[in-house]
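Participant: sequence and predicted structure below; questions after.
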Amino acid sequence: MQRWSRTLIPTSKQAPGDAEAPSHILLARGGFIRRVAAGVYDYLPLAWRTLRKIEGIVRDELNAAGASELLLPAVAPMDLLELTGRADEYGDLLFSFTDRHNRDVYLGPTHEEVITDLARGTINSYKQLPLNLYQIQTKFRDEFRPRAGLLRCREFIMKDAYSFHMDVDGPGGLGEGYDAMYSAYENIFTRCGLDFSIVEAEAGPIGGSASHEFMVNCESGEDTILTCPATGYAANVEKCEIGERAAPSKGWFGGGPSGNLDKVHTPECPGIEEVCKFLKVKPRHMLKTVVFEVEEFAKIETKFVAGDGKISLRVSREQQVEEMLNGPDSGLYPHFRWVVAVVRGDHEVNEGKVRDLIGHNVVLAESKCAEAAGFSIGYVSPRAPVKTDHCFLLVDRDAAVGFDDNSGKPMFWVTGGDEQDYHVKHFNWGRDLGSDAATESADASGFVRVGDVRNAEAGDPSPRDAGATLEAHRGIEVGHIFKLGDKYSRAMDFAIMDEKQERRPVVMGCYGIGVSRTLAACVEMSHDENGIVWPMALAPYHVIITVMKADDANAIGVADNLAGELADAGFDVLIDDRDERAGVKFKDADLIGVPIRLTIGDRALAEDSVEFKLRADPGKGELVKMSGVVAACQKAAG
RNA sequence: CGGGGCGUAGCGCAGUUUGGUUAGCGCACUUGACUGGGGGUCAAGAGGUCGCAGGUUCGAAUCCUGUCGCCCCGACCA
């Protein structure tokens, strides 16, 4: 048991002025956290108690799943990250510095390299696999913009687990280990009392690997998830497929124009929204064109090569691109540099789908580079690729339409004029693309392709059930499990002998839980206008005993006795012994969200009772005989 | 990284435009009295390098220059 007066719970009526998210406001007001720097927080005693409870559940379930806890260092040599190329990949997200001997070191944002380094030095037989190792530790990511208190911060607590296998399939394989973690995660979040969804997630550039995210269901979440009510399919919007739809009756790009191509002056209207407002058209009649650059070209930097021994020669980016596209080694590189993706104005381009369709990583083109290549950024039309070398055109199914089967009329499209401050009306694919687009699209070697390029949205056909439509919800990602494959073991040369005496790279999985984010997500999910409403499993205290008269030795004595009994029964008890007015104590108890409140005052004491109230229930509570209090609490705790 | 904004008491803010007594207000804090079941009342107090550095001036929270920190929006819809 703990007395309020002897711990630190600095509640406040006012939240910091910059707090906006409910979890940020309530955790700050409730005296759980305090900001030290941007995205860096103190965890005060209440927060720490809850964090320890989350950790306890995590440990319990992971141990039960056969994983072993260890602790890796937060500081690691940069050399490790350079082995896998992630030093560059992380870039500024990494907290890094040089030590006194001028060695580059970093604070771990995650630990694939460190654990692989450990594993390759200690595991040398297939007989040692499978193995699952995890840790609970502070992680560091120098986010550009930390926000919403603990939901996105620069220093946070994470559980990260890594599994090692000889094979992907079969007994002891990655699939089996992955499934075990999947179940463990289900157990963990269920035991935490969270309302969550499991969704298919974007697996990233490592093709084919499975990945799932565990999302706390909450409309204020940063992530959009789509679900199919008929089949239970659920996916992150970054990943979600869209069900097949019939091709338009006149074929892709088919159908005559809706009118003469009409060039209109649209000053300072680079965005869909501005154009629609200016021209009074709906976004669904716009063709939105987004210019991407294939990553291999985008990441080129100006380099210096040896010259005559004294002066190094500067090789510009453009020169290198030219070399890669047309030089003798051009076969080693993609044969196009630009990708123009076209979607309907009311849709959003999905970068992952673009990547999958063309088979290369892409990044949004930097405006300057794209403009140098002839794109009028803000006013690009689907015709731009025709006039640009090494450019691929990717058109979404909903945009590659020339005839509107619903209205029986030609599609009316507005799109960019390929000229600063100009758009065109009555764009027609067949007439204006300047080539036989339909033929091109059927031919894999052509520069045009039609496909699923956009983000799914509510109302789209389900990819798993022909009749069903997708629903959209929001969520907060608290867990992510991932089949890594051999990405890290290959990069770090971690291969061991199998039973056939063949040396093979080890197959890995990784599994993360944002422990501190889980705390915040729980508050986002479960609060009311008076404060936090903790589920029993995560509450910093299960019971708060509110003593009405803190200077009444008898009342305090009763509270102590009761707290002792409850503690013996396994409850965490906080006694509010502060010399405050009743209103203050009740407000604070509600604010910090303790599930059970027992009030000791004259009226109840006269009847040898206490007032029993659940945080989640409205109203004033009821009198319970002293002898029945423990039983009542046990009943409430389930 | 682009745009916008803010740094004044533990927290939330006013004052800065137009330089001028001792820099204010609310909450919180301390002491006392009254009060006593949903953020009390009265009284008395304590608490400030006005982010930092430099400059202008008889005089700077206020004007100028620089710098640091923080927040919001956008950065994938051009």
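Facilitator: On my side now, so go ahead.
Participant: show me where pLDDT drops low in the stretch 151-300 of chain A?
Facilitator: By pLDDT under 70, the low-scoring segments of the stretch 151-300 of chain A are A:203-209, A:268-270, A:298-300.
Participant: domain ranges for chain A, per the record?
Facilitator: Listed by automatic domain parsing, the domain ranges of chain A are A:48-205+A:477-523, A:262-451, A:541-637.
Participant: turn those into CSV, columns for mean neighbour count and distance to residue A:234.
Facilitator: To be clear about C-beta, it is placed using only N, CA and C from the backbone, and glycine gets the same treatment. Below are the domains of chain A laid out as CSV (neighbours: other Cβ atoms under 10 Å; distance: least, Cβ to Cβ, whole Å):
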stretch, mean neighbour count, distance to residue A:234
domain A:48-205+A:477-523, 19, 4
domain A:262-451, 17, 17
domain A:541-637, 18, 27
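Participant: out of the ones you listed, nearest to residue A:236?
Facilitator: Between residue A:236 and the domains of chain A, the tightest spacing by Cβ to Cβ is seen for domain A:48-205+A:477-523, at 5.0 Å.
Participant: mind saving the C-alpha coords of stretch A:165-176 as CSV?
Facilitator: The C-alpha trace of stretch A:165-176 is given here as CSV (Å, rounded to 0.1, in the frame of the first residue of the first chain):
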residue,chain,number,x,y,z
HIS,A,165,15.5,-20.3,-37.4
MET,A,166,17.2,-22.6,-39.9
ASP,A,167,14.2,-22.5,-42.2
VAL,A,168,11.1,-20.6,-43.1
ASP,A,169,8.8,-23.5,-43.0
GLY,A,170,8.4,-26.7,-41.1
PRO,A,171,9.0,-27.6,-37.4
GLY,A,172,11.2,-25.0,-35.7
GLY,A,173,10.9,-22.7,-38.7
LEU,A,174,10.2,-19.0,-38.9
GLY,A,175,6.5,-19.6,-39.7
GLU,A,176,6.0,-21.5,-36.5
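Participant: so what touches that stretch?
Facilitator: Applying Cβ atoms under 8 Å, 6 or more residues apart in numbering, the contact partners of stretch A:165-176 are A:126, A:129-130, A:163, A:177, A:483, A:485, A:496, A:498, A:504, A:506-509.
Participant: one more: stretch A:247-262?
Facilitator: Against stretch A:247-262 from outside (Cβ under 8 Å, 6+ apart): A:395, A:397, A:400-403, A:405, A:409-413, A:424-433, A:437-438, A:441, A:450.
Participant: end to end on that stretch, go ahead and measure it.
Facilitator: With Cα to Cα, to the nearest Å as the measure, stretch A:247-262 spans 28 Å from end to end.
Participant: tell me the buried residues in that stretch?
Facilitator: Neighbour counts over stretch A:247-262 (16 or more other Cβ atoms under 10 Å) mark A:248, A:250, A:251, A:252, A:253, A:254, A:255, A:257, A:258 as buried.
Participant: how far is it from where the chain is centred?
Facilitator: 39 Å (Cα atoms, centre = their mean, to the nearest Å).
Participant: ditto for stretch A:221-241
Facilitator: Put simply, stretch A:221-241 sits 13 Å off its chain's centre (Cα atoms, centre = their mean).
Participant: what's the span of that stretch from first residue to last?
Facilitator: With Cα to Cα, one end of stretch A:221-241 sits 21 Å from the other.
Participant: could I get the phi/psi values of the residue in chain A that RNA strand B sits nearest to?
Facilitator: Across chain A, the shortest distance to RNA strand B (Cβ to the nearest atom of the strand) belongs to residue A:601, at 2.0 Å. In this entry, residue A:601 is assigned phi and psi values of phi -140, psi 180 (degrees, to the nearest 10).
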